[in-house]
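**Student:** next input, structure requested:
(one chain, ligands or ions: 2)
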Amino acid sequence: MEKQGKESLLSAGMDRRTFLKKTAVTGAAMGLMGMGMAQQQPTADQVVRGKNAALKVLSSRPVVLESTLELLRAERITSKANLFVRNNIDLPGFNTTEAMMQPSWVVEVGGLVDPPFRITVEELARLPQTEVTSVLQCSGNGRSFFNPRPSGNPWTYGGIGQVTWRGVSLKTLLEAKGAKLKEGARFITMNASTQGGAQPYEKSYPIFVLDTALLALSMNGEPLPAVHGGPVRLVAPGTFGTANVKWLAKLEFTANESPGNEQVPRYRVATVPGWNIPILPTQPGSRYNYTLENSRSNWGANINSFILFPLEGQTVQGRRVEVRGIAWNDGLSPIESIEVSTNGGTSWRRALIEGNSGRFGWYFWVAPLLLSAGEHQVMVRATDAVGRTQPLDGNVWWNERGYEWNGVMRVKFKVT
Ligand SMILES: Nc1nc2c(c(=O)[nH]1)N[C@H]1C(S)=C(S)[C@@H](COP(=O)(O)O)O[C@H]1N2
Ligand SMILES: [Mo]
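**Tutor:** Ligands and ions are numbered 1, 2, ... in the order given. Next comes the predicted model:
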């Protein structure tokens, strides 16, 4: 295991020993852990060198590894061992958390930019670097909660983490090269490397991410792990994972979104064509013919919040319970209120926001509650300054491929 100098979420309120004494994993949860270990499937550390064996293997080819709430709550910054992995396409030889040292790796920058240019990782490393802490989340996170269940990897809560990226901002890069955008550039379209026979992976973002996007060379203070996109990855803080292209080979300024399969029909939710309605509810179970015009890509992350203490099925000793967790959004407007309910949503009380990790990171919150002995259910919802919040029933945004779940989380636990 890696060395972890990071402050755990636990240390904010109580030390780990006190916490362990106050809580106990129930027999049911222990039973589940036992079952997982008995399965024949390879473990996460066998699929990707350096990963924590406690990650769930959703697929070993391409690699899809899910983290767990237990692992996520133990760290303020998710370590490379505990961070989820989502490959649509594996890059041969890159399934390790070790760095991929390839100073001569080239990123081609072209399209509607003058002049087009090529830049190596070595040159990128010599340009001024920018650092940002941001949430990385698969847009399929929470997919299992949709009903009927969409196809795709059955993520529950663990397709998420928070990491610190460091690299060259796109603005800095263009300035350093004296390159100017041409008229009509409305999207940034990226291609991953196809070395070793990997299939192409092509994604687009609207050009507004120019202000915040980085060519990341490092994660959590170390050279970018190969499995997380090393040696160079495009990171657009505040967006879902899908367009944060790993193993970046080409970056183009384009007039239109990529017509590639990963842009359409995949990774989209329905919208009203030509009208500024962010999402159109589709009838659960119905089919939808996704086009670039009648839907939008999974871009900005939906506002969302998780309860990390207690976890489902835990027993907490003592009637004073500090419910704790995280909240985040796309970073475009600050989160202003985080509320919890212990009566099924009839009434809500505000949690204390203890701080955040910058506008693209997690907000940490705590709600001190006085509870009677017995069974309880706690719910949480976050709201930002422009009023964006979470639906009580996440299924209202049911969509065929199960993207962008942000329904209010409910946790049942016991107080003794
Ligand atoms: N080159 C490439 N980049 C990629 C992908 C991929 O399959 N290939 N998957 C995307 C998806 S869907 C997600 S959720 C994130 C996952 O990032 P991680 O594997 O570093 O956790 O990477 C994105 N970038
Ligand atoms: Mo994803």
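**Student:** switch to C-alpha atoms for all contacts and neighbour counts from now on
**Tutor:** Will do.
**Student:** who's in contact with the residue nearest to T315 when sequence neighbours are not counted?
**Tutor:** Nearest non-adjacent residue to T315, counting by CA to CA, 6 or more residues apart in numbering: K414, 4.6 Å away. Contact partners of K414, counting by CA atoms under 8 Å, 6 or more residues apart in numbering, are G313, Q314, T315, V316, A373, G374, E375, H376.
**Student:** make sure the third one is actually in contact with H376.
**Tutor:** Going back to what we said before, that points to T315. No - under the criterion of CA atoms under 8 Å, T315 is not in contact with H376, lying 10.1 Å apart.
**Student:** quick check: neighbours shared by these two?
**Tutor:** Counting by CA under 8 Å, 6+ apart, the residues touching both T315 and H376 are F413, K414, V415.
**Student:** and R126, how far from T133?
**Tutor:** Distance of R126 to T133, computed by CA to CA, to the nearest Å: 21 Å.
**Student:** more neighbours: the two, which one.
**Tutor:** Between R126 and T133, T133 has the larger neighbour count (other CA atoms under 10 Å), namely 22 against 9.
**Student:** next, the more buried one: phi, psi?
**Tutor:** Backbone torsions of T133, given as degrees, to the nearest 10, read phi -100, psi 130.
**Student:** pull the number of nearby residues for P128.
**Tutor:** Neighbours of P128 (other CA under 10 Å): 12.
**Student:** quick check: closest non-adjacent residue to it.
**Tutor:** Spatial nearest neighbour of P128, excluding adjacent residues (CA to CA, 6+ apart): V168 at 6.4 Å.
**Student:** what's across from that neighbour in the sheet?
**Tutor:** Taking DSSP bridges as the rule, V168 bridges to L215.
**Student:** got a pLDDT number for it?
**Tutor:** Looking at V168, its pLDDT is 98.
**Student:** and it, how far from Y267?
**Tutor:** Taking CA to CA as the criterion, V168 is separated from Y267 by 27 Å.
**Student:** point out where this structure drops to low pLDDT.
**Tutor:** Scanning the chain for pLDDT under 70 picks out 1-39, 278.
**Student:** burial check on Q40, number of neighbours?
**Tutor:** Using other CA under 10 Å, Q40 is surrounded by 7 other residues.
**Student:** and W155, what does it touch?
**Tutor:** Residues counted as contacts of W155 (CA under 8 Å, 6+ apart) are E66, G140, N141, G142, R143, S144.
**Student:** pretty sure the first one contacts G161?
**Tutor:** Spelled out, that is E66. No - applying CA under 8 Å, one finds E66 not in contact with G161, separated by 10.1 Å.
**Student:** kindly report the residues of the stretch 1-150 of the chain close to ligand 2.
**Tutor:** Residues of the stretch 1-150 of the chain found near ligand 2 (CA under 5 Å from the ion) are C138.
**Student:** okay, helices next: where are they in the stretch 1-150 of the chain?
**Tutor:** Using DSSP state H, counting those that start in this stretch, the helices of the stretch 1-150 of the chain run over 16-22, 27-38, 44-47, 69-72, 121-126.
**Student:** who has more neighbours out of T315 and H376?
**Tutor:** For T315 versus H376, the count of surrounding residues by other CA under 10 Å is larger for T315: 20 against 16.
**Student:** so the more buried one versus E322, what's the distance?
**Tutor:** Distance, T315 to E322, by CA to CA: 13 Å.
**Student:** one more: H228?
**Tutor:** In terms of CA to CA, H228 sits 34 Å off from E322.
**Student:** look at the two and report which has more neighbours.
**Tutor:** Higher neighbour count among H228 and E322: H228, with 27 against 17, using other CA under 10 Å.
**Student:** show me the contacts for the nearest residue to L392 once chain neighbours are set aside.
**Tutor:** Spatial nearest neighbour of L392, excluding adjacent residues (CA to CA, 6+ apart): V408 at 5.1 Å. V408 is in contact with N304, S305, M379, V380, R381, Q390, P391, L392, D393, G394, counting by CA under 8 Å, 6+ apart.
**Student:** what are the contacting residues of stretch 303-314?
**Tutor:** Applying CA under 8 Å, 6+ apart, the external contacts of stretch 303-314 come out as 23-26, 29, 69-70, 73, 316, 322-330, 379-384, 388-390, 406-414.
**Student:** for the residue in the stretch 101-250 of the chain that ligand 2 sits nearest to, list the residues it contacts.
**Tutor:** Closest contact between the stretch 101-250 of the chain and ligand 2, by CA to the ion, is at C138 (3.6 Å). Residues counted as contacts of C138 (CA under 8 Å, 6+ apart) are R86, G159, I160, F240, G241, T242.
**Student:** same thing with S372?
**Tutor:** Applying CA under 8 Å, 6+ apart, we find S372 in contact with R319, V415.
**Student:** and for Y201?
**Tutor:** I89, N191, A192, S193, V245, E262.
**Student:** which ones, among these, also lie beside ligand 1?
**Tutor:** Counting by CA under 6 Å from any ligand atom, I89, A192, V245 from the contacts of Y201 sit close to ligand 1.
**Student:** which one (most neighbours) among those residues?
**Tutor:** V245 (27 neighbours).
**Student:** name the residues of the stretch 151-300 of the chain found near ligand 2, please.
**Tutor:** So the stretch 151-300 of the chain meets ligand 2 at T242 (CA under 5 Å from the ion).
**Student:** phi, psi of the residue of the stretch 251-400 of the chain found nearest ligand 1?
**Tutor:** Distances between the stretch 251-400 of the chain and ligand 1 by CA to the nearest ligand atom are smallest at Y267, namely 8.1 Å. Here is the backbone geometry of Y267 (degrees, to the nearest 10): phi 60, psi 40.
**Student:** can you report how many residues neighbour it?
**Tutor:** Residues near Y267, counting by other CA under 10 Å, number 24.
**Student:** next up, the contacts around it.
**Tutor:** By CA under 8 Å, 6+ apart, Y267 lies in contact with S139, T242, S297, N298, R401, Y403.
**Student:** could you rerun that using 10 Å?
**Tutor:** When contacts are counted by CA atoms under 10 Å, 6 or more residues apart in numbering, Y267 touches 139-140, 203, 240, 242-243, 261, 290, 295-299, 401-404.
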